[in-house]
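Undergrad: pasting a predicted model and its sequence here:
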Amino acid sequence: MADAQAASADPDIAGETSLHTRQRLDLQDCEDLMRTGSKSFFAASMVLPGRVRAPATALYAFCRLADDTIDLDAHLFGGPLGALQHLQQRLQRIYEGRPSQVPADRALAGVVARFAIPKALLDALLEGFEWDLTARRYDSLEDLHAYGARVAGTVGSMMAIIMGTRNAQAQARACELGVAMQLTNIARDVGEDALAGRLYLPRNWMREAGIDPDAWLLDPSFSPALASVVARLLVAADDLYERAALGIAALPRDCRPAIQAARLVYAEIGREIERAGCDSVSRRACVSTQRKLGLMALALGAAAVSPVRRQAGRDLEPAPLAAIQFLVDAATIDAGGEPAATTGRNARFDERALWAIGLFERIEERNRTNSSFVGAGERRPSALSGWRQ
C-alpha cells in the first residue's frame with residue numbers, strides 16, 4: 001500500500017511502475033503465443049534458465065508473428081512481398097526505439113536494447129523470408145549454407161548473444177548449429193516441400209545423381225538416386241553438428257544442457273532418416289519421446305564436462321563457414337550489450353527437463369494420428385525447427 005501511495009505521489013515512480021507492468025504483460029502475451037502456437041517450442045524453452053527464457057520468448061514471438069504476417073495476412077499488404085516490406089518497417093521502428101503498439105514488437109525492442117542485438121541479424125532473417133517468397137534456387141551446398149545462415153544461423157547467433165556469448169569462435173559454432181538443423185529439416189521434409197512446389201536439395205547434387213530437378217519436382221518420388229542425395233546432405237549436417245559441439249563448452253554452464261539436447265535430438269532425426277533408407281518423400285522421420293528422454297539425459301551429462309578435448313585430426317577452432325562470416329562479424333562487435341552471468345548448473349534443470357519431457361509426451365499422444373504435411377503454396381517455417389512446430 002505504501003509503495004502504491006508513493007507511486008501515485010511521484011510521477012516518475014508511477015511511470016516506472018507502469019512501464020514495468022507493461023513489459024510484464026507484453027512478455028506474458030509472448031508466452032501465451034508460444035504456449036498455444038508452438039507447444040514443442042514452449043516445452044523446449046522450459047529447460048532454459050529463466051534469464052534466457054524470457055528474452056528468447058520475445059524473440060520467438062516476433063519471428064512467429066512475422067511468419068503469420070507473410071503466410072496468413074499477406075492480403076492486408078497487397079501480397080507476401082508487401083507483408084515483408086511491412087515487417088522491415090516494423091523492425092526499423094524497433095531499432096529506433098519506437099516499436100509498433102504490438103506486444104511482441106515492444107518485447108523485442110526491450111531485448112534489442114538490453115542485449116545490443118545487431119540489426120544485421122534480424123535483417124538477414126527477413127532476407128531469408130524474401131528468398132522463400134521469390135522461390136530462390138539452390139544449386140550447391142554453399143547456396144544452401146547461405147539460406148540456412150539467414151533463416152537459422154541468425155537465430156543461433158541471437159540466442160548465443162542472449163546467453164552472454166559474443167566470442168567469435170563460439171558465435172561461429174552457434175551459427176553452424178543453426179545451419180546444421182536447417183539442413184536436417186530439409187533432408188527430413190523433401191516430400192512435404194515437393195508437395196508445396198519447393199525444392200531445397202542442391203540441384204547440382206541431383207543432376208550428379210542422374211535426376212532432373214525440375215522434372216522430379218513435377219512428379220516427386222523416392223528412388224535410390226534421391227536417397228544418395230539425402231544421405232549426402234545428412235553427412236554435411238553431421239559435420240556441422242560436430243563443429244557445433246566445440247562451441248557448447250563456451251556457453252554458460254546452465255545453458256549447455258538445453259543446447260546440447262537440441263544438437264543431439266536434431267542429429268538423431270538424421271539417424272531416423274537413415275534407418276528408413278533415406279526415404280523422406282513417403283514418410284517423415286521423427287524421434288520418439290523415449291529416445292528424446294535418453295538424449296536429454298546424455299546432454300545433461302555431457303554439458304557437465306567443461307573442457308572440450310581435441311579430436312584426432314580435427315581443429316578445435318575451424319574457420320567459420322563462408323556463408324556465416326557476416327553474421328559472426330556483426331555479432332562480435334562490442335556494442336555494449338548486457339552480459340549474462342555465467343552460473344553453475346541450474347539446480348532446477350532436472351525438474352524442468354522432466355516437466356518438458358512430460359509435455360512432449362502429451363503433445364505426441366494427441367498428435368500421433370495427425371499428418372504434419374504442409375499444404376501446397378505455404379512457405380517453409382523459418383528458423384531452427386520452425387516456429388509452428
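TA: Perfect, I can see it now. Note that the structure is predicted; figures quoted are calculated from it, not measured.

Undergrad: show me what counts as buried in stretch 289-305.
TA: 289, 292, 295, 296, 299, 300, 302, 303 (16 or more other Cβ atoms under 10 Å). For glycine as for every other residue, the C-beta is placed from the backbone atoms N, C-alpha and C.

Undergrad: among those residues, which are in helices?
TA: 289, 292, 295, 296, 299, 300, 302, 303 (DSSP state H).

Undergrad: count the neighbours of residue 137 for me.
TA: Residue 137: 13 surrounding residues under other Cβ atoms under 10 Å.

Undergrad: ok so, going back, list just the nearest of the buried residues of stretch 289-305 to residue 155.
TA: Of all the buried residues of stretch 289-305, the one with the least separation from residue 155 (Cβ to Cβ) is residue 299, at 19.1 Å.

Undergrad: how close does the closest one get to residue 263?
TA: Using Cβ to Cβ, to the nearest Å, residue 299 is found at 8 Å from residue 263.

Undergrad: low-scoring stretches of the stretch 201-350 of the chain, by residue?
TA: 303-316, 334-350 (pLDDT under 70).

Undergrad: I'd say residue 56 and residue 159 touch.
TA: Yes. Between residue 56 and residue 159 there is a contact under Cβ atoms under 8 Å: 6.4 Å.

Undergrad: the helices in the stretch 51-200 of the chain, which residues?
TA: 80-95, 103-115, 119-133, 141-148, 154-163, 168-188, 190-195 (DSSP state H, counting those that start in this stretch).

Undergrad: in the shortest one, what's buried?
TA: By neighbour count with 16+ other Cβ under 10 Å, helix 190-195 contains the buried residues 190, 191, 192, 193, 194, 195.

Undergrad: a markdown table please, covering these and showing distance to residue 52 and pLDDT.
TA: Formatted as a markdown table, the buried residues of helix 190-195 follow (distance: Cβ to Cβ, whole Å; pLDDT from 0 to 100):
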| residue | distance to residue 52 | pLDDT |
| --- | --- | --- |
| 190 | 33 | 98 |
| 191 | 35 | 97 |
| 192 | 31 | 95 |
| 193 | 32 | 95 |
| 194 | 37 | 97 |
| 195 | 36 | 95 |
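
Undergrad: pick the one among the residues you listed closest to residue 133.
TA: Nearest member of the buried residues of helix 190-195 to residue 133, counting by Cβ to Cβ, is residue 193, at 14.8 Å.

Undergrad: pLDDT wise, what is the residue lying closest to that closest one once chain neighbours are set aside at?
TA: Closest residue to residue 193 apart from its sequence neighbours, by Cβ to Cβ, 6 or more residues apart in numbering: residue 200 at 6.0 Å. pLDDT recorded at residue 200 is 98.

Undergrad: next one: phi and psi at residue 200?
TA: The phi and psi torsions at residue 200 (degrees, to the nearest 10) take the values phi -110, psi -10.

Undergrad: distance of residue 241 relative to residue 217?
TA: Distance, residue 241 to residue 217, by Cβ to Cβ: 28 Å.

Undergrad: who has more neighbours out of the two?
TA: Taking neighbours as other Cβ under 10 Å, residue 241 and residue 217 compare with residue 241 leading, 19 against 16.

Undergrad: elements contacting the helix or strand hosting that one?
TA: Assigned by DSSP states H and E, residue 241 belongs to helix 224-248. Judged by 3 or more Cβ pairs under 8 Å, 6 or more residues apart in numbering; DSSP states H and E, the packing partners of helix 224-248 are helix 168-188, helix 203-208, helix 256-275.

Undergrad: ok, 6 Å please
TA: helix 168-188, helix 256-275 (3 or more Cβ pairs under 6 Å, 6 or more residues apart in numbering; DSSP states H and E).

Undergrad: got the buried residues for stretch 121-139?
TA: Residues of stretch 121-139 classed as buried by neighbour count (16+ other Cβ under 10 Å): 121-133, 138.

Undergrad: count of residues packed around the residue nearest to residue 193?
TA: By the measure other Cβ under 10 Å, the count of residues near residue 200 is 24.

Undergrad: can you pull the contacts of it?
TA: 138, 186, 193 (Cβ atoms under 6 Å, 6 or more residues apart in numbering).

Undergrad: that concludes my questions; thank you for your assistance.
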